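> here is the input, now give the coordinates:
(chains A and B)
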Amino acid sequence: MNADEVNRAITRIAHEVLEKNRGAHDIVIVGIRTRGVFIAERLAIKIKEIEGEAIPVGIIDITLYRDDIKSDISKHIVKKTEIPFSITDKKVILVDDVLYTGRSIRAAIDGLIDLGRPANIQLAVLIDRGHRELPIRADFVGKNIPTSHNESVKVMLKEEDGVDKVVVEELDDK
Amino acid sequence: MINKLKSKDLIGTKDLSPEEILLILDTAESMKEISSRDIKKVPALRGKTIINLFYESSTRTRTSFEIAGKRLSADVVNISVSTSSVVKGETLKDTAKNLEAMNPDAVVIRHSSSGAPDFISKILKCPVINAGDGAHEHPTQALLDLFTIREKKKELKGLKVSIIGDIAHSRVARSNIYAMNKMGMDVTVSGPSTLIPVDIEKMGVKISTDVKKAIEGADVIIMLRIQLERQEKGLFPSIREYSRLFGLNTEKLKNAKEDVIIMHPGPMNRGVEISADVADGQYSLILDQVTNGVAVRMAILHLLTGGA
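Modelled structure (predicted):
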């Protein structure tokens, strides 16, 4: 996926979010650190362009909610969750870059529910690469990319990586 | 950028690198948000057992560690010596071995003897966190002091800090001096010369027996508790004289910097080392220190027992 395709995918998701929710009323967007945050911010800008309504954007850090930290060689650094608005009774659009096992999403949902009781939580991802280990699905998908376990999907975004690009790479044999 | 602490234990700030200190402060900043929520709990340390082993009285530190552990979902067990087997004559070594047999995930210890945490850290497989040992170190206090200073001043490097009071018996002063030197801060100690150790310059600090000068130049003033229980040794003539010469009050603060901040590790002797109006006044961050203490201890518990 190149920069134009990433941009078009986010534009389409913005339209789909508005269509499904019949406007931007009561919508808040929460991005999962790190790259979900940038997609969340872009999505909010698109929605504002289309609907003229500013949407609150928050950031959730899921490090303290993960179930897979033990398997990681290096620990994740705990960063701040920044959701300076109430999510109770709001429609929360949860945003991440890649949907894979679903475990990060599980952690993010648990984290959100500790902060309040949203009217509903909808999931938007730039890439769905399959291989779910939990009963979780995305409501909005930028692109479905079927992969195998020994491939990695690398999402690069301007804000973090200087370029908008999605590439699938073969992992070295372990 | 590092993402974990090198040592299994936290015995003193002397052993921490500047990068490790920054990692603790940054992690604490993330933890602080949790304490402001309606539901002040995250599942990070679910199923972990933390033992608070306190051989000396403490309200703030013990409660702070307990709350920190509970906000991370750990099970926290408090042992205070007056109700433990220690009164029956059990040695520290045996106590440690018995605790080890119950598989704790961290032991927080306060002891009147310097070196006690280091001693049990060599017996226990789990992390040991020093919550104050004798006149040696009190690392979590120094780290929460740094956190509070950074929150207010944004940058630590180059700040002038004056620590005033009983330097000789103060583990808080020692931990702060080690940590502040590593962060590029400029530390001056002040107080009656009987309460300033002779070779303190070797730790990289300046001495000023003139409290007024120590106050004038400082960005940060840390007042230490006068340990009234040590007064019997006659290290200064009277509490009233100490208060007049070395206590911080509005009058002495007149020459301080406009944006000075005042801290005290507690418990305070109001009217002795600090006057009530200064303790409750606009420059005082004494209660911020307590709030931040929970966040800093959450960070340390998570870094030492979470993951890995």
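
> when you work out contacts or count neighbours from here on, use the C-alpha atoms and nothing else.
Noted.

> now do the SS call for residue B:177.
State at residue B:177, reduced to three classes by DSSP: H, G, I helix; E, B strand; the rest coil: helix.

> what pLDDT does it get?
For residue B:177, the pLDDT comes out at 98.

> ok, and the closest non-adjacent residue to it?
Of all residues not flanking residue B:177 in the chain, residue B:187 sits nearest, at 6.8 Å (CA to CA, 6 or more residues apart in numbering or on different chains).

> centre of the chain to the helix or strand hosting the one you found, how far?
Using DSSP states H and E, residue B:187 sits in strand B:186-190. Strand B:186-190 has its C-alpha centroid displaced from the chain centroid by 17 Å (CA atoms, centre = their mean, to the nearest Å).

> with stretch B:194-203 instead?
The mean C-alpha position of stretch B:194-203 is separated from the chain mean by 20 Å, CA atoms, centre = their mean.

> cool, and stretch A:157-172?
Averaging C-alpha positions (CA atoms, centre = their mean) puts stretch A:157-172 16 Å from its chain's average.

> ok, now stretch B:210-225?
Distance of stretch B:210-225 from the chain centroid (CA atoms, centre = their mean) equals 18 Å.

> who's in contact with that stretch?
Contacts to stretch B:210-225, defined as CA atoms under 8 Å, 6 or more residues apart in numbering or on different chains, come from residues B:149, B:159-167, B:170, B:188-191, B:208, B:245-246, B:248, B:252-253, B:255-257, B:259-269, B:273-274.

> distance of residue A:76 from residue B:1?
11 Å (CA to CA, to the nearest Å).

> more neighbours: the two, which one.
Taking other CA atoms under 10 Å in any protein chain shown, residue A:76 and residue B:1 do not tie; residue A:76 has more neighbours (16 against 8).

> isn't the more buried one right up against residue A:62?
No - using CA atoms under 8 Å, residue A:76 is not in contact with residue A:62; the gap is 9.8 Å.

> for whichever residue of chain A sits closest to chain B, helix, strand, or coil?
Among all residues of chain A, residue A:80 sits closest to chain B, at 4.1 Å; criterion: CA to the nearest CA. Here residue A:80 is recorded as coil under three-state DSSP.

> for the one 4 residues further on, same thing?
On the three-state scheme (three-state DSSP), residue A:84 is labelled coil.

> do residue B:215 as well
Note that with three-state DSSP, the state of residue B:215 is helix.

> pick out the residue nearest the middle of chain A.
What sits nearest the mean C-alpha location of chain A, by CA atoms, centre = their mean, is residue A:96, with 1.5 Å.

> re the thing from before, against which helices or strands is the helix or strand just after the strand holding residue B:187 packed?
Downstream of strand B:186-190, the next assigned helix or strand under DSSP H and E is strand B:206-208. Using 3 or more CA pairs under 8 Å, 6 or more residues apart in numbering or on different chains; DSSP states H and E, the elements in contact with strand B:206-208 are strand B:186-190.

> residues near the nearest residue in space to residue A:2 that is not next to it in sequence, how many?
The shortest distance from residue A:2 to any non-neighbouring residue, by CA to CA, 6+ apart, is to residue A:165 (4.8 Å). Neighbour count for residue A:165, taken as other CA under 10 Å: 17.

> ditto for residue B:89
Neighbour count of residue B:89, defined by other CA under 10 Å: 8.

> could you report the distance from it to chain A?
From residue B:89 across to chain A, the span is 40 Å (CA to the nearest CA, to the nearest Å).

> coming back round to it: and the contacts of stretch B:210-225, which of them are in helices?
Here DSSP state H is the test, and the contacts of stretch B:210-225 give B:149, B:245-246, B:252-253 as lying in helices.

> appreciated, that's everything.
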